[in-house]
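Just the structure for this:
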Amino acid sequence: MEIKVLAFGIARDIIKASEIKLELSEQSTVDEVKDSLVKLYPDFNSLRNFAIAVNCEYVEDSAPVKQGDEIVIIPPVSGG
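I've put the predicted structure just below:
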């Protein structure tokens, strides 16, 4: 199945694009999305933690991902 992945901040810098398409097996989870991103873009290993939103909602790593879902990478944010 194909999903759209949107990237912001450091995630966009790592991917070198604001949007990519990922091919995943049916019945994939957010954790598998993260694993795929790390395999395709090893620099994601340098991020301590990044969150994922599916269709504008924060989800757990065990959440399912379906065909046509929009995935947003939320990189860690620092501030003061």
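
For stretch 8-16, list every residue counted as buried.
10, 11, 14, 15 (16 or more other Cβ atoms under 10 Å). Using the backbone N, CA and C atoms, a C-beta is placed for each residue, glycine as well.

Mind putting the residues you listed into CSV with distance to residue 66?
Output for the buried residues of stretch 8-16, formatted as CSV (distance: Cβ to Cβ, whole Å):
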residue, distance to residue 66
10, 27
11, 22
14, 25
15, 22
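
From those, which land in helices?
Those of these mapping onto helices are 10, 11, 14, 15, per DSSP state H.

what sits against the closest residue to the last one other than its chain neighbours?
The shortest distance from residue 15 to any non-neighbouring residue, by Cβ to Cβ, 6 or more residues apart in numbering, is to residue 7 (4.9 Å). Contacts for residue 7 (Cβ atoms under 8 Å, 6 or more residues apart in numbering) come out as 14, 15, 17, 18, 19, 20, 72, 73.

returning to what we had before: of the buried residues of stretch 8-16, which is the nearest to residue 45?
residue 14 (10.0 Å; Cβ to Cβ).

my guess is the closest one meets residue 43, correct?
Yes - using Cβ atoms under 8 Å, residue 14 is in contact with residue 43, at 4.5 Å.
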